[in-house]
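>>> let me see the structure of the following:
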Amino acid sequence: MTTVLLAVLLTGCGAGISDSLCHNVVRYPPDIQQQAEAEIRSGQAPILSRFVEDYGELRARIRANCP
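The predicted structure is shown next:
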């Protein structure tokens with residue numbers, strides 16, 4: 001059972017980046033970005049701010065690793 005579970009978990013580990021992970025990154029117009037920044041800086045959504053930071057890091061990795 002343990003061997004089967006380990007095999008299942010390792011099937012997702014590939015040598016390279018899968019094309020399925022390379023999606024188009026949505027581009028937001030500058031005015032929308034500025035509005036979002038103002039809302040986050042207002043301090044009314046500390047958890048949402050963390051989510052946005054994580055999302056920004058993910059977007060940067062996708063841009064760096066996908067053609």
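>>> now do the longest helix along the chain, average pLDDT.
Criterion DSSP state H: the longest helix present in the chain is helix 46-65. In this model, helix 46-65 has a mean pLDDT of 85.
>>> tell me which residues of that helix come out buried.
When burial is assessed from 16 or more other C-beta atoms under 10 Å, helix 46-65 yields no buried residues. For the C-beta atoms, the positions are set from N, CA and C on the backbone; glycine is no exception.
>>> now stretch 34-48
Those would be I40, for stretch 34-48 by 16+ other C-beta under 10 Å.
>>> got the CA coordinates for that stretch in PDB?
Only the C-alpha atoms of stretch 34-48 are listed here, as PDB (Å, rounded to 0.1, in the frame of the first residue of the first chain):
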ATOM      1  CA  GLN A  34      -3.700  51.600  -9.200                       C
ATOM      2  CA  GLN A  35      -7.200  51.100  -7.800                       C
ATOM      3  CA  ALA A  36      -6.300  47.700  -6.400                       C
ATOM      4  CA  GLU A  37      -3.100  49.000  -4.800                       C
ATOM      5  CA  ALA A  38      -5.100  51.800  -3.200                       C
ATOM      6  CA  GLU A  39      -7.600  49.400  -1.800                       C
ATOM      7  CA  ILE A  40      -4.900  47.100  -0.400                       C
ATOM      8  CA  ARG A  41      -2.900  50.000   1.100                       C
ATOM      9  CA  SER A  42      -6.100  51.200   2.900                       C
ATOM     10  CA  GLY A  43      -5.300  48.400   5.400                       C
ATOM     11  CA  GLN A  44      -8.900  47.100   5.400                       C
ATOM     12  CA  ALA A  45      -7.900  43.700   4.000                       C
ATOM     13  CA  PRO A  46      -4.700  42.300   5.600                       C
ATOM     14  CA  ILE A  47      -5.400  38.700   4.600                       C
ATOM     15  CA  LEU A  48      -6.300  39.700   1.100                       C
END
